[in-house]
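S.K.: here are the coordinates; sequence isn't available:
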């Protein structure tokens, strides 16, 4: 996947929130403020101030390119994003509010797109039992996959497609035909992504993905990878939400309070307590699931309490007065997702890609590095590492002027 994009830099925390109603309230408060108060609430940076103009984000409505200080305009409809590992939140899609919005990603964001997201640099994370160690003892965490725009403290982003509509795969040119010929079947970009999920491993040089010369191993990897992808997408793109087998689905045993203050877990009864409310059964593996040394469920819960922190100030202190029902539904889905990934972890750990060379035909071109170089797949050309030209988007530049792409 040669083309990768650095993560978005929001510049101000208040442009993202766990629920869309909060973002609309924050927009209204900012638009209603004036003078120094608007400046304070906005939290200006060198890249963005209320007096700075910006182009409309690709695919977003026109008319939002006047300076915010002059014409805030109506609140843009919040969009779903991946804000933290496994934490889907909402974002105000207005480039006047975002320091570095990465318009090239917005141009290819549609119902066909998937994003492979690298975790932040291993040197910033402490080792934990879920991450392999490199030669310096530092982890290379597993990548994430999402159908939503990654917009948070994440690593580099690799879209599956370089153009809207899935028109061009973000894969080394020539790879798909080579794999199709080798395995005697049609190979899609999503197949390669599923293979990455099944066969990729953290290694000393980063995240390494071996290819196999064995068509049987390829099919087995695809089957495992498709299951992993289905769980990670959590029902996005019209799919079914994840479900635990055997009817062991978590549900609310006792109602959550208007505002829970703490999260705890009892492994004996498999009960997750959210304030005085309880959810069960919650497998221990879901509670213990960690990313970069942090329990996912604890991080998810803390993000929803952030606006109630005594140190929260300005727009960041605006949030729901009571726990929204939708958050409980999200929590149940997240518990199921983590439990299923934990169940699949041993199968994935045991999966072996097999040798990249065909032992029955030792003289045949293999799928190792040398074979890919001989086939012209490696190294990918320079143009494949850059965004494609997307000319079917009519975009509005700063101040309403026409944008030349």
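M.R.: Nice, I can see it. Fair warning: this is a prediction, and the values are worked out from it, not measured in the lab. Numbering: from 1, shown residues only.
S.K.: ok, residue 255 touching residue 275?
M.R.: No. Residue 255 is beyond contact range of residue 275, at 10.0 Å (criterion: Cβ atoms under 8 Å). Every C-beta, even on glycine, is put in place using the N, C-alpha and C of the backbone.
S.K.: so for the two, which sits in the more crowded spot?
M.R.: Neighbour count, other Cβ atoms under 10 Å: between residue 255 and residue 275, residue 275 has more, with 17 against 11.
S.K.: secondary structure class for the closest residue to that one other than its chain neighbours?
M.R.: Setting aside the residues directly before and after it, residue 275 is nearest to residue 260 in space (Cβ to Cβ, 6 or more residues apart in numbering), at 2.8 Å. Three-state call for residue 260 (DSSP: H, G, I helix; E, B strand; the rest coil): coil.
S.K.: so for residue 260, what's the pLDDT?
M.R.: On the pLDDT scale, residue 260 is placed at 96.
S.K.: isn't it right up against residue 272?
M.R.: No. Assessed by Cβ under 8 Å, residue 260 is found out of contact with residue 272, at 10.9 Å.
S.K.: who's in contact with the nearest residue to residue 228 once chain neighbours are set aside?
M.R.: In this structure, residue 228 finds its nearest non-sequential neighbour in residue 197, 4.5 Å apart by Cβ to Cβ, 6+ apart. By Cβ atoms under 8 Å, 6 or more residues apart in numbering, residue 197 lies in contact with 145, 224-225, 228-229, 232.
S.K.: looking at residue 260 and residue 272, which is more packed in?
M.R.: residue 272 (25 against 17).
S.K.: how much space between that one and residue 284?
M.R.: Per Cβ to Cβ, to the nearest Å, residue 272 is found 11 Å from residue 284.
S.K.: quick check: neighbours shared by those two?
M.R.: Residues touching both residue 272 and residue 284 (Cβ under 8 Å, 6+ apart): residue 265.
S.K.: which intervals of the stretch 51-200 of the chain have sub-threshold pLDDT?
M.R.: 61-63, 120-141 (pLDDT under 70).
S.K.: would you map the helices across it?
M.R.: 103-107, 175-183, 189-199 (DSSP state H, counting those that start in this stretch).
S.K.: how about JSON lines for those helices, with distance to residue 208 added?
M.R.: Shown next, in JSON lines, are the helices of the stretch 51-200 of the chain (distance: least, Cβ to Cβ, whole Å):
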{"stretch": "helix 103-107", "distance to residue 208": "25"}
{"stretch": "helix 175-183", "distance to residue 208": "16"}
{"stretch": "helix 189-199", "distance to residue 208": "9"}
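S.K.: quick one: closest of the ones you listed to residue 30.
M.R.: helix 103-107 (22.0 Å; Cβ to Cβ).
S.K.: buried residues, the closest one. List them.
M.R.: Neighbour-count burial for helix 103-107, counted by 16 or more other Cβ atoms under 10 Å, picks out 103-107.
S.K.: which one of the residues you listed is nearest to residue 374?
M.R.: Within the buried residues of helix 103-107, the smallest distance to residue 374 is 32.2 Å, found for residue 104 (Cβ to Cβ).
S.K.: the closest one reaches residue 5, doesn't it?
M.R.: Yes. Residue 104 is within contact range of residue 5, at 6.3 Å (criterion: Cβ under 8 Å).
S.K.: what touches both of the two?
M.R.: Residues touching both residue 104 and residue 5 by Cβ under 8 Å, 6+ apart: residue 387.
S.K.: narrow the contacts of residue 197 to those in strands?
M.R.: The strands in this structure, assigned by DSSP state E, contain residue 145 from these.
S.K.: nearest to residue 297 among the contacts of residue 197?
M.R.: Checking the contacts of residue 197 against residue 297 with Cβ to Cβ, the nearest one is residue 232 at 16.3 Å.
S.K.: tell me the contacts of residue 317?
M.R.: Neighbour list for residue 317: residue 307 [criterion: Cβ under 8 Å, 6+ apart].
S.K.: just residue 278 next, same as before
M.R.: Contacts for residue 278 (Cβ under 8 Å, 6+ apart) come out as 252-254, 271-272.
S.K.: quick one: buried residues of stretch 210-220?
M.R.: Within stretch 210-220, the residues scored as buried using 16+ other Cβ under 10 Å are 210-214, 217-218, 220.
S.K.: now swap in stretch 384-391 and tell me
M.R.: Going by neighbour count (16+ other Cβ under 10 Å), the buried part of stretch 384-391 is 384, 387-388, 390.
S.K.: let me know the average pLDDT across that stretch.
M.R.: Average pLDDT, stretch 384-391: 88.
S.K.: what about the nearest residue to residue 95 once chain neighbours are set aside, distance to residue 36?
M.R.: Nearest residue to residue 95, sequence neighbours excluded (Cβ to Cβ, 6+ apart): residue 54, at 4.1 Å. Remark: distance between residue 54 and residue 36 (Cβ to Cβ) = 22 Å.
S.K.: with residue 347 instead?
M.R.: 59 Å.
S.K.: ditto for residue 287
M.R.: Residue 287 is 46 Å from residue 36, by Cβ to Cβ.
S.K.: who has more neighbours, those two?
M.R.: Ranked by neighbour count (other Cβ under 10 Å), residue 287 and residue 36 place residue 287 first, with 22 against 8.
S.K.: that one and residue 106: what is the separation?
M.R.: Separation of residue 287 from residue 106 (Cβ to Cβ): 36 Å.
S.K.: picking that back up, what would the buried residues of helix 103-107 look like in CSV with distance to residue 160?
M.R.: Formatted as CSV, the buried residues of helix 103-107 follow (distance: Cβ to Cβ, whole Å):
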residue, distance to residue 160
103, 18
104, 14
105, 12
106, 15
107, 14
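S.K.: kindly indicate which of these lies nearest residue 377.
M.R.: Distance to residue 377, by Cβ to Cβ, is smallest for residue 104 among these, at 23.9 Å.
S.K.: spatially nearest residue to the closest one, not counting backbone neighbours?
M.R.: Ranked by Cβ to Cβ, 6+ apart and with sequence neighbours excluded, the top spatial neighbour of residue 104 is residue 387, at 4.2 Å.
S.K.: in contact with that neighbour, which residues?
M.R.: The contact partners of residue 387, taken as Cβ under 8 Å, 6+ apart, are 3, 5, 104, 107, 162.
S.K.: tell me the two of those residues that are most distant?
M.R.: 3 and 107 (12.3 Å).
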